[in-house]
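> Can you look at this prediction? I've put the sequence above it.
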Amino acid sequence: MIRSFWAIAFNGFREARRNRVTLVLAFFAGLLLLSSSLITDITVVTFDRVLIDIGLAGMSLILVLLAIFLSTGLLSREIERRTIFMVVTKPVSRGLFLVARLAGNMVTLTALQILMGALLLLEFKVLRTPVTEPTVLAMGMLWFELLVLSALGFLMSSFAGPMTSAFVTVSMFFVGHLSGDIYMLARRSKNVGLQVLGKVLYYVLPNLERLNLRAQASYGIAVPSKVWVLSGVYALGYAAVLIWLAVLLFRRRDFR
């Protein structure tokens, strides 16, 4: 079982690596990170702060788009090509197949994130921008956000088409970063129903903003270990629930 898991995961990583969109996005990320030094020429006073903010935002944007693209389209491509029948007819469960594919996607994203992070740190060194602990921590917390989005994408693609899965996942990305604002607006409302709805949405939907430490990195604000540890545990727990639901739905899906 372990051998099958890693074989499927490595195959998913190899397929994603050969995908032209992955290469294009990786190349675009490199250009975006390098061009950030040109943009900051107009802000001499806040050079380091803007450079860090643009670099982290660019890396986050590219990886988030890539995570959504890979997670929402992979299962659909497997079904369309009928290659999934070659796997499920063997002594490999659907749950193992789905989790292994997700692992392959995360290996791809992790490899690209490391390369982009190294490129960004190299740019910091060339431009003599100090690398602070909040900056490195913001890069690390981005991985947990990618995990949640990938798990959400696999959950949607386990029972829906690629367009619907991508639309819902992108929507959840924006809502996840606005969940705190939604909660505050609901609390200020005089309608009891809206207050209850706001609280339900706040606790049910993923709170991705707690995984976003770019503002702290830009201003060099230290983040207590308790905060980022709990945020990481929250992301792992939320992703685990999404994966569990995805496995349940994928086992009942009819491929005909």
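That came through fine.
> Got phi/psi on the residue of the chain most remote from its centre?
In terms of distance from the mean C-alpha position of the chain, K190 ranks first, at 35.5 Å (Cα atoms, centre = their mean). The phi/psi pair for K190 (degrees, to the nearest 10) reads phi -90, psi -10.
> same thing with L127?
Torsion angles, degrees, to the nearest 10, at L127: phi -90, psi 10.
> what about the helix or strand containing L142, distance to the chain center?
According to DSSP states H and E, L142 maps onto helix 133-157. Averaging C-alpha positions (Cα atoms, centre = their mean, to the nearest Å) puts helix 133-157 4 Å from its chain's average.
> One more: stretch 240-248?
Worked out by Cα atoms, centre = their mean, stretch 240-248 lies 16 Å from the chain centre.
> what does stretch 192-210 give?
21 Å.
> CA atoms only for it - export them in PDB, please.
Provided in PDB are the C-alpha atoms of stretch 192-210 (Å, rounded to 0.1, in the frame of the first residue of the first chain):
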ATOM      1  CA  VAL A 192     -30.500  38.300  14.800                       C
ATOM      2  CA  GLY A 193     -30.700  36.100  11.800                       C
ATOM      3  CA  LEU A 194     -27.700  37.800  10.100                       C
ATOM      4  CA  GLN A 195     -25.800  37.700  13.400                       C
ATOM      5  CA  VAL A 196     -26.200  33.900  13.600                       C
ATOM      6  CA  LEU A 197     -25.500  33.500   9.900                       C
ATOM      7  CA  GLY A 198     -22.300  35.500  10.200                       C
ATOM      8  CA  LYS A 199     -21.100  33.400  13.200                       C
ATOM      9  CA  VAL A 200     -21.900  30.100  11.300                       C
ATOM     10  CA  LEU A 201     -20.000  31.300   8.200                       C
ATOM     11  CA  TYR A 202     -17.100  32.400  10.300                       C
ATOM     12  CA  TYR A 203     -16.700  29.100  12.100                       C
ATOM     13  CA  VAL A 204     -17.500  26.800   9.100                       C
ATOM     14  CA  LEU A 205     -15.600  28.500   6.300                       C
ATOM     15  CA  PRO A 206     -11.800  28.500   6.300                       C
ATOM     16  CA  ASN A 207     -10.200  31.500   7.900                       C
ATOM     17  CA  LEU A 208      -7.300  32.000   5.500                       C
ATOM     18  CA  GLU A 209      -6.500  35.400   6.800                       C
ATOM     19  CA  ARG A 210      -5.000  33.900  10.000                       C
END
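> Can you tell me how far the residue sitting nearest the centre point of the chain is from G58?
Nearest to the geometric centre of the chain sits L146, at 1.7 Å (Cα atoms, centre = their mean). From L146 across to G58, the span is 15 Å (Cβ to Cβ, to the nearest Å). To be clear about C-beta, it is placed using only N, CA and C from the backbone, and glycine gets the same treatment.
> same deal with A235?
On the measure of Cβ to Cβ, A235 and G58 end up 22 Å apart.
> do G220 as well
For G220, the distance to G58 (Cβ to Cβ) stands at 19 Å.
> Who has more neighbours out of these two?
Ranked by neighbour count (other Cβ atoms under 10 Å), G220 and G58 place G58 first, with 21 against 14.
> The more buried one against L51, yeah?
No - contact criterion Cβ atoms under 8 Å: G58 and L51 do not qualify, at 10.8 Å.
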